[in-house]
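Undergrad: how would this look folded up:
(2 chains)
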Amino acid sequence: MTFIGALALLTLLAPPALADEAFITSQPAETLSVVDLATRKVVASLAIPGKPAGIAVSPDGARAFVTAPDGKTLTILDAATRSVTHRVELGGGPLGVAVHPSGSPAYVADWYLHRIKAVDAASGTVTGEVAVGQSPSGLAVTPDGALLLSADRDSDAVSLIDTKTLTRLASIPVGARPFGVTIDAAGMRAYTANVASNDVSVIDLKARKVVARVKVGARPYAVALAQGRAFVTDQYDSTVTVFDTDTLKTLATIPVGDYPEGIAASRDGAFVYVACWEANTLEIIDAVTLKVVETIPVADGPRAFGAFIRQSGD
Amino acid sequence: MKLQLFAAALAATSLLATLPPAAAHGPTRQKISEKIEINAPPEKVWAVVSNFQDGGWIPVVAKTEGTGGNAPGAKRTLTLKNGATVEEEVAKFEPEKMTLMYRIDKVDVAVLPVTNYSSWLIVTPADDGKKSEVEWRGAFYRGYPNNDPPPELNDEAAVNAVTGLYKAGLESLKKQIEGGS
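TA: Have a look, this model is predicted:
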C-alpha cells in the first residue's frame, strides 16, 4: 500500500470529528453565531450587516459564505479565524447559496432577478451567471460537482445546471413553491421542501424526474438527510417530520421551537440540527431515537438557510 | 399623497391576488415584541386574551364573528371601526403555557401593510402571581413582495403598523382589566 493510500485509509477509519461547528445566520440580529457541536455552546458571534439568511460552508471547512438579501451582498469569511475576507456587492436579492465541492465557486441565487451568480471564493469576483426560473431559493451541488440544482420557488420547479458551462440543462416540475433543496450523499436523489403544497418532492437526478411526493407538515422549509431518513422543517406546525427515504413512510413528527427553518445533519449522521426562527434556538435531534436532546439559545431570528455544518479538526 | 398611497396599496393587492398566500413576500421576515404589566392575576388576564371569539379589547375592533372557539383551526373575522375586515385563525392554543398563537388568513395591505402574519399572546405571572405580564409577539413580511418597495409598504411601514397596533392593544387591555370590567 502506498503512503498516501495508507493515509487515506487512516482518515476513513478515524472516529467522527467531534469538533465540527454550526454556522447559524440570525436575520433580524444581523449576526452569525458559531456553535461548537462538541460542547454545544456558542463560541463566536460575528456581526453581518444586511439581514443575513443564506449560508454555505466549503466542504474542507475553510470558508463560509453568507448572503444578505437586504444588504444585497455575499460575505465570504475565513471560517477558522472568523474574519471577513470579501464583501461582494451583488445587487438584487441574494438568498440561497451553495459552494462547489472543490471549495469554489460559490453559487448565489437572486430571488428578485431570477438568476444564479457564480462567485470565485478566493477573489470574491463574479465569474458567471445563469438565468433560471422565478425566485430561485435553495441551491445544492451534486457531490461530484457536475450539477447545480436550484429550487425555483415561484415556478414550482427545480433547475438543473451544468456547473462547467453554467447552462441550464432542464427544469423539473415539483410541488408548489419549492424552497430548500438537498441532494443525497450518493448524488442520486434530490429532495425539495414545497412550502405551498406541504410535501417533499423526491427527484431522481439521472432520470430528471420526480419519483415520489411525500406529505409533511405545514409550510415545509428545508430537508436534511441522515440514517436513511429525511428530516423536514415544518414552519407552521413547529415540527420536524421524519420519513424513511426507502419506504417513504413517515416515522415521526418531532415538536421543536416555533418557525423551524434551516436544518442540517452532522457529518456522521448521528444528529440533526434545526434553527428555530421564532424560538431563537438551535435544537439538536438524535437521528436514531428521533428526540430533541438539546436546545441551544442563539441570536434573534436564526434562519441558517443552507449547508451550515463546518468540518473542523480531523 | 393619500391617493398615491391608495393606488400603491391597490397595485400591491392586485399582485397579491394572482398568487397563493404562500408566495407573496420578500426574503426577510420581520419580528416584533411588545410587553405590558397588568395589575391582575394571570388567570384573569389569560381569560380575556385567550378568548379568540372576542377581540373587543383591541381598540380598532368593532365586532368579532367566528367559529370553533379557541381550538386550533378556529376562525374569526374582525370588523374594524373603519369597516375593514381581517380574517384570522388559531394556530396553537396552549393553556398550560398561557400561549395563544394565531395567523391572519386574509387582510388588505391597505388596512395592515403585512403578509404571512403570525402572532403570539403570552401571559406570564409577575410579582408572585399577583400581577401579570402580557407579551404580544408578531412575525410577518412587509406588504410589498418585490424588491425596492414603496415607502408605505416597506419593512419599516410594516413594523410601525404592527408595533402601533400592539402598543394600543396592550394599553387598552390593561385599562379594561384594571378598570374591573
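Undergrad: spell out which parts of chain A neighbour chain B.
TA: Residues of chain A lying near chain B by Cβ under 8 Å from any Cβ of the partner chain: A:27-28, A:51, A:53, A:69-70, A:92-93, A:95, A:111-112, A:153-154, A:176-177, A:195-196, A:219, A:236, A:238, A:258-259, A:277-278, A:300-301. For the C-beta atoms, the positions are set from N, CA and C on the backbone; glycine is no exception.
Undergrad: who touches the lengthiest helix in chain B?
TA: With secondary structure taken from DSSP state H, chain B has its longest helix at helix B:155-178. Helix B:155-178 has contacts (Cβ atoms under 8 Å, 6 or more residues apart in numbering or on different chains) with A:70, B:28, B:30, B:32, B:34-40, B:44-45, B:48-49, B:57-60, B:112-114, B:117, B:134, B:136, B:138, B:140-143, B:149, B:151.
Undergrad: if we use 6 Å, what do you get?
TA: For helix B:155-178, contacts defined as Cβ atoms under 6 Å, 6 or more residues apart in numbering or on different chains pick out B:30, B:32, B:34, B:36, B:38-40, B:57-59, B:112-114, B:136, B:138, B:142.
Undergrad: most neighbours among those residues, please name it.
TA: Neighbour counts for those (other Cβ atoms under 10 Å in any protein chain shown) peak at B:P113, which has 29 neighbours.
Undergrad: for it, list the residues it contacts.
TA: B:P113 sits in contact with B:143, B:153, B:157-158, B:161, where contact means Cβ under 6 Å, 6+ apart.
Undergrad: could you measure B:N70 against chain A, distance?
TA: 18 Å (Cβ to the nearest Cβ, to the nearest Å).
Undergrad: quick check: which element contains that residue?
TA: Assigned by DSSP states H and E, B:N70 belongs to neither a helix nor a strand.
Undergrad: correct me, but it touches B:Q53?
TA: No: at 7.6 Å, B:N70 does not count as touching B:Q53 under the criterion of Cβ atoms under 6 Å.
Undergrad: quick one: which of the contacts of helix B:155-178 is nearest A:K164?
TA: For the contacts of helix B:155-178, the closest approach to A:K164 (Cβ to Cβ) belongs to B:R142, at 39.0 Å.
Undergrad: what sits against the closest one?
TA: B:154-155, B:158.
Undergrad: switch to 8 Å and redo it
TA: Taking Cβ under 8 Å, 6+ apart as the criterion, B:R142 is in contact with B:25-26, B:30, B:113-115, B:149, B:153-155, B:157-158.
Undergrad: show me which of the residues of chain A next to chain B are buried.
TA: Listed as buried from the residues of chain A next to chain B are A:27-28, A:51, A:53, A:69-70, A:92-93, A:95, A:111-112, A:153-154, A:176-177, A:195-196, A:219, A:236, A:238, A:258-259, A:277-278, A:301; burial here means 16 or more other Cβ atoms under 10 Å in any protein chain shown.
Undergrad: which ones among those residues lie within strands?
TA: Among these, the ones falling in strands (DSSP state E) are A:L95.
Undergrad: tell me, how many residues neighbour A:R82?
TA: That count, for A:R82 with other Cβ under 10 Å as the rule, works out to 15.
Undergrad: so A:G306 sits in a helix?
TA: No: A:G306: not assigned to a helix; according to DSSP: H, G, I helix; E, B strand; the rest coil it is strand.
Undergrad: whichever strand or helix holds A:A140: partners in the sheet, and parallel or antiparallel?
TA: Secondary structure from DSSP H and E places A:A140 in strand A:136-141. Applying DSSP bridges to the sheet, strand A:136-141 is found paired with strand A:147-152 (antiparallel).
Undergrad: flag the shaky bits of chain B, pLDDT-wise.
TA: Along chain B, segments meeting pLDDT under 70 span B:1-24, B:180-181.
Undergrad: 80 instead, please
TA: Counting by pLDDT under 80, chain B has low-confidence residues at B:1-26, B:180-181.
Undergrad: which parts of it sit against chain A?
TA: By Cβ under 8 Å from any Cβ, the residues of chain B that approach chain A are B:19-20, B:22-23, B:26-31, B:91-92, B:101, B:103, B:118, B:120, B:137, B:139, B:146-147, B:155.
Undergrad: check contacts around A:T245.
TA: A:T245 sits next to A:184, A:189, A:202, A:225, A:228-230 when contact means Cβ under 8 Å, 6+ apart.
Undergrad: so where's chain A shaky on pLDDT?
TA: Chain A contains residues with pLDDT under 80 at A:1-19, A:313-314.
Undergrad: which residues in it form helices?
TA: Secondary structure of chain A (DSSP H): helices located at A:3-13.
Undergrad: pull out the buried positions in stretch A:137-146.
TA: Neighbour counts using 16+ other Cβ under 10 Å place A:137-142, A:146 of stretch A:137-146 among the buried residues.
Undergrad: what's the answer for stretch B:41-55, then?
TA: Within stretch B:41-55, the residues that count as buried by 16+ other Cβ under 10 Å are B:41-42, B:45-46, B:48-50, B:52, B:55.
Undergrad: so which of these belong to helices?
TA: Members of the buried residues of stretch B:41-55 lying in helices (criterion: DSSP H): B:42, B:45-46, B:48-49.
Undergrad: can you add distance to B:L173 and give those back as TSV?
TA: As requested, these are exported to TSV (distance: Cβ to Cβ, whole Å):
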residue	distance to B:L173
B:P42	13
B:V45	8
B:W46	11
B:V48	7
B:V49	7
